[in-house]
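Trainee: Take this sequence and fold it.
(2 chains)
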Number of protein chains: 2
Amino acid sequence: MASAPSLFIDNEHLSIATDLYQITMMAGYWALQPDRQATFELFARRLPANRGCLIIAGIEQAIHYLTNLKFAEEDIAFLKKQPALANTNEKFFDYLRNFTFSADVFAVPEGTPIFPDEPIVRVTGSIIEAQLVESYLLSVINAQTLIASKAARIVEAANGKPVFEFGLRRAHGPQAAIYACRAAYIAGFAGTSNVLAAKLLNVPVVGTMAHAWVMASEGEEEALHEFRKLYPQATLLIDTYNTENGAALACRTGEKLSGVRIDSGDLYQSSINVRQILDEAGQATTKIHASGDLNEVLIADLEKIRAAFDFYAVGTELMVSKDSPSLNIVYKLVSVTDNNGRWHPVAKKSFGKRTIGGAKQVHRKLDASGRFSGDIISLDDENIAESRKLLQQIISNGKLCQKLPSLDEIRQYCAKSRQELGSEFFITGADYPKYSVELSPHLKNLQNQVLEAI
Amino acid sequence: MASAPSLFIDNEHLSIATDLYQITMMAGYWALQPDRQATFELFARRLPANRGCLIIAGIEQAIHYLTNLKFAEEDIAFLKKQPALANTNEKFFDYLRNFTFSADVFAVPEGTPIFPDEPIVRVTGSIIEAQLVESYLLSVINAQTLIASKAARIVEAANGKPVFEFGLRRAHGPQAAIYACRAAYIAGFAGTSNVLAAKLLNVPVVGTMAHAWVMASEGEEEALHEFRKLYPQATLLIDTYNTENGAALACRTGEKLSGVRIDSGDLYQSSINVRQILDEAGQATTKIHASGDLNEVLIADLEKIRAAFDFYAVGTELMVSKDSPSLNIVYKLVSVTDNNGRWHPVAKKSFGKRTIGGAKQVHRKLDASGRFSGDIISLDDENIAESRKLLQQIISNGKLCQKLPSLDEIRQYCAKSRQELGSEFFITGADYPKYSVELSPHLKNLQNQVLEAI
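Mentor: Coordinates of the predicted model:
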């Protein structure tokens, strides 16, 4: 009997994880302007609802893609069968056979807070190869940036208390769950319940017990007692039937109860009641975990009214960025060479879809107290005094040219960046401060010239 | 230099794509009640906002998972290092070494419209293995059902006109994009722009051209002309600068222009203007494609006011189910054996989190006109006259026991099911009709007994 397909992608087939028009355009460039060079930039058109900035993540998976791109023979055969490519010169498929990505790529470090119009990734190379990579780069960077930007708000709301990612079951599949775990950890989450993600990413893995354990037992007391006997350090789930009763039963499983988890009901009142039950039973060191459809607004409220939780776990709301489930990150041509090899900036002025011509850099200024005081977007070769350049070269001629930071280094950099930007950019329920992003005088002039010439 | 990890899952590591607590509970069951049998059911607690039903998808990837489950030695080593499993008997890890999934699984066919409380998947086997699979099953079925349920509304709104999935760049990564393509196709989409998805799923692949092609050329007229020369059947993108002007230029690329695409601006007015320009230029057979942040509400509006589009393409709004980005599908213990091997139904009565005890079946009744007239949820072994049983056995003793339908067969079955249910369950902007879902008298009695015993 035929088995069911997994639908996982392996490295052999990365190149066709793209939109068909990228391949037809590649073939077109190859036929008409094979020597043309181009720069594309990936940037956000605007901030989504409820976000004061975007936390960039997914660059490492973009690097994986760019440094492993090749066209498998079976994929070339598949392309040749497509009516859309019917008239294509056979030599183009030879070009694909020998294809390796050889462009230069600059990117902001993962964990960087970014604002609209600021280039996040910049690709410069043959227009043929720079065009191909659009769809995949957007996919991996959109996905992780969406989650990291949500996660940063949740971490802020938790007020220093550790937050764990419990969302595998609500992710867009098990691979998306690994991306989401990575993005959440970058933004400050403390760990995950996802074993594979923890192993692949070297992130702390945590777990408690499920309602099924209690329901499969003769009774709740026996269930908690047996679990504790097996796992003396376990966190016990106490809300299967009645939370306060569950807390009392948990106390009877022995001294030095490590933790209890509450997953339903009036979380605030339960936490206060359970804290009292634990304290009166001599379990003052027992931690109380909250879970159950939490988000940053609920967590901020619980913290504000001083609920007695020590840890929070978030699933659904994080995995789909529920209040703001999509980003508007795009990848646009900004500069291209003419037949003489001279570079020309290009731009678009359509309403809501403008682009700024020219290969660019972002300069971030800091004030005397070490806080970000605004950004200047400039042409790539401009120097702006007393600022940090955000875009750094990560790929040179198709090869990785910078040591990849560890995930913990990225997480620390993100924590520092969030602090330098200011917590008010991550707080819920208020308007976000205006962050200054200006074009350099040079870039502004150039943009005016380009738009006039259209 | 260390390369960047892909974060793809291969079959070797499927078993640890789960939450840690599934493993600790497995070890607990193994130690305390290794012979206990259990039935778990996967079902939706409620319908999400704006949905009249759920279209089930993802069963095939669930089957892939269940029939490929094993524990790799390196994953066992990883588990043994976890503090949460510190006290675990070494023989449990031997059990994992020899683990294969050997339960029975029933599921509704993919493409079936489903309502709250109705079992979608039912797993019966050792409680150890039935517990393990919760997180992964939820992940693949949640993800694809979310997209299929959104896609069915978009297809309904398009009023018989073909709709294409253009969303790779907005998916939760390139694997999630393949899942989404599959789910959208099941629900009636006509094809995709995603080459790898098309190849893996045997779905039609389509593509046009991007704004970059126009911007990289000397001028728009030259850009369109050159693309058409290379691809006489191509659909030309005409909105880079001015849509009506672009339409006029497209007409000059030669007779029998296959199609044009409009991606921005006032889509309705542009379609009317462009249709007139095409007709007056003798291009009456040219098709007009719409794209650009479309969703079912916008498409229904365009159809209502008779916009002149022949095809629609949807990306972002589909890939994240933007108006309703998460589902509440859960996997709950419903029956378990005692020490004598006798089955006992179990249930939960927490507010908003109730479960119905006992292994169950869904019976769908049809009225004289062939329309679904309501469902009865019964115990598994009940017979309900004149109705279809929705749950069918797909896995017996861990092995696939039913020929998998092709994706086109699933799509046809879904189209028929949508018709039998009625288009009013997929129409936007109105209240959905109430669909009758009742418990059989037997099941109702049992549920009362179970709840009283808690």
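
Trainee: Going by C-alpha atoms from here, please, whenever you check contacts or count neighbours.
Mentor: Fine.

Trainee: In contact with residue A:298: list those residues for me.
Mentor: Residue A:298 makes contact with no residue, according to Cα atoms under 8 Å, 6 or more residues apart in numbering or on different chains.

Trainee: If you tally nearby residues, what's the number for residue A:195?
Mentor: By the criterion of other Cα atoms under 10 Å in any protein chain shown, residue A:195 has 30 neighbours.

Trainee: Assess the claim that it and residue B:17 are in contact.
Mentor: Yes - counting by Cα atoms under 8 Å, residue B:17 is a contact partner of residue A:195 at 6.1 Å.

Trainee: How about residue A:29: what's its closest non-neighbour residue?
Mentor: residue A:128 (6.0 Å; Cα to Cα, 6 or more residues apart in numbering or on different chains).

Trainee: Quick one: name whatever helix or strand follows the helix or strand encompassing that neighbour.
Mentor: In this assignment (DSSP states H and E), residue A:128 forms part of helix A:127-132. Next along the chain after helix A:127-132, taking DSSP H and E as the criterion, comes helix A:134-157.

Trainee: Follow the chain on from that following helix and name the next helix or strand.
Mentor: Once the chain leaves helix A:134-157, the next helix or strand it forms, by DSSP H and E, is strand A:163-165.

Trainee: and the helix holding residue A:128, what does it pack onto?
Mentor: If contacts are counted by 3 or more Cα pairs under 8 Å, 6 or more residues apart in numbering or on different chains; DSSP states H and E, helix A:127-132 sits against helix A:20-32, strand A:37-44.

Trainee: picking that back up, enumerate every residue touching the residue nearest to residue A:29.
Mentor: Here residue A:128 is in contact with A:25, A:26, A:27, A:29, A:30, A:34 (Cα under 8 Å, 6+ apart).

Trainee: Give me the pLDDT for the most centrally placed residue in chain A.
Mentor: Closest residue to the average C-alpha location of chain A: residue A:144 at 2.0 Å, with Cα atoms, centre = their mean. Listed pLDDT for residue A:144 reads 98.

Trainee: Kindly report the same for residue A:347.
Mentor: 87.

Trainee: pretty sure residue A:114 contacts residue A:51?
Mentor: No - when contacts are counted by Cα under 8 Å, residue A:114 is not listed as touching residue A:51 (11.0 Å).

Trainee: ok so, going back, what's the most buried one of the helices and strands packed on helix A:127-132?
Mentor: strand A:37-44 (a mean of 25; mean count of other Cα atoms under 10 Å in any protein chain shown).

Trainee: Which stretches in the stretch 301-450 of chain A count as helices?
Mentor: A:316-319, A:407-421, A:441-453 (DSSP state H, counting those that start in this stretch).

Trainee: To chain B, which of those lies closest?
Mentor: helix A:316-319 (7.0 Å; Cα to the nearest Cα).

Trainee: which residues touch the closest one?
Mentor: A:147, A:150-151, A:165, A:167-168, A:170-172, A:177, A:180, A:293-295, A:322-323, B:326.

Trainee: residues in contact with residue A:396?
Mentor: So residue A:396 contacts A:102, A:103, A:104, A:105 (Cα under 8 Å, 6+ apart).

Trainee: residues near the third one, how many?
Mentor: Translated: residue A:104. That count, for residue A:104 with other Cα under 10 Å as the rule, works out to 21.

Trainee: quick one: pLDDT of it?
Mentor: 98.

Trainee: who's it bridged to?
Mentor: For residue A:104, the beta-bridge partners are residue A:124 (DSSP bridges).

Trainee: so it touches residue A:123, yeah?
Mentor: Yes - with contact defined as Cα under 8 Å, residue A:104 and residue A:123 form a contacting pair (5.8 Å).

Trainee: Excluding chain neighbours, give the residue nearest to residue A:329 in space.
Mentor: Per Cα to Cα, 6+ apart, closest to residue A:329 is residue A:44, 4.1 Å.

Trainee: before we move on, what about residue A:358?
Mentor: That would be residue A:345: by Cα to Cα, 6+ apart, it lies 4.5 Å from residue A:358.

Trainee: ok, now which ones touch that neighbour?
Mentor: By Cα under 8 Å, 6+ apart, the neighbours of residue A:345 are A:334, A:335, A:336, A:357, A:358, A:359, A:450.

Trainee: Give me the pLDDT value at the residue of the stretch 351-454 of chain A found nearest chain B.
Mentor: Here the residue of the stretch 351-454 of chain A nearest chain B is residue A:403; by Cα to the nearest Cα that distance is 6.5 Å. Per-residue pLDDT puts residue A:403 at 94.

Trainee: go on, the one 4 residues further on?
Mentor: Note on residue A:407: pLDDT of 98.

Trainee: That one - how many residues pack around it?
Mentor: Neighbours of residue A:407 using other Cα under 10 Å come to 19.

Trainee: Distance of the residue nearest to it when sequence neighbours are not counted relative to chain B?
Mentor: Using Cα to Cα, 6+ apart and skipping residues adjacent in sequence, the residue nearest residue A:407 is residue A:186, 6.9 Å away. Residue A:186 sits 15 Å away from chain B when distances are taken as Cα to the nearest Cα, to the nearest Å.

Trainee: With residue A:145 instead?
Mentor: Residue A:145 is 10 Å from chain B, by Cα to the nearest Cα.

Trainee: Touching, that residue and residue A:55? I think so.
Mentor: Yes - using Cα under 8 Å, residue A:145 makes contact with residue A:55 at a distance of 5.8 Å.

Trainee: Tell me who's in contact with residue A:84.
Mentor: A:24, B:206, B:207, B:231, B:233, B:234 are the contacts of residue A:84 under Cα under 8 Å, 6+ apart.

Trainee: that older thread, overlap in contacts of residue A:114 and residue A:51?
Mentor: Residues touching both residue A:114 and residue A:51 (Cα under 8 Å, 6+ apart): there are none.

Trainee: Quick check: phi and psi on the residue nearest to residue A:407?
Mentor: phi -50, psi -40 (degrees, to the nearest 10).

Trainee: show me the contacts for it.
Mentor: A:57, A:111, A:148, A:407, A:408, A:410, A:411, A:412, A:414.

Trainee: now, among these, which is nearest to residue B:72?
Mentor: In terms of Cα to Cα, no member of the contacts of residue A:186 lies closer to residue B:72 than residue A:407, at 24.7 Å.

Trainee: Surely the closest one and residue A:198 touch.
Mentor: No - Residue A:407 lies out of contact with residue A:198 (Cα under 8 Å); the separation is 11.6 Å.

Trainee: care to break chain A down by domain?
Mentor: Listed by automatic domain parsing, the domain ranges of chain A are A:14-147+A:324-453, A:153-319.

Trainee: end-to-end on the last one?
Mentor: It refers to domain A:153-319. Distance across domain A:153-319, first residue to last, is 13 Å (Cα to Cα, to the nearest Å).

Trainee: Equivalent analysis for stretch A:6-24, please.
Mentor: Across stretch A:6-24, first to last residue, Cα to Cα, it's 28 Å.

Trainee: quick one on the thing from earlier: same list (the contacts of residue A:128) but as a markdown table, adding pLDDT.
Mentor: As requested, the contacts of residue A:128 are arranged in a markdown table below (pLDDT from 0 to 100):
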| residue | pLDDT |
| --- | --- |
| A:25 | 96 |
| A:26 | 97 |
| A:27 | 96 |
| A:29 | 96 |
| A:30 | 97 |
| A:34 | 93 |
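
Trainee: Could you measure from residue A:171 over to chain B?
Mentor: Applying Cα to the nearest Cα to residue A:171 and chain B gives a distance of 6 Å.
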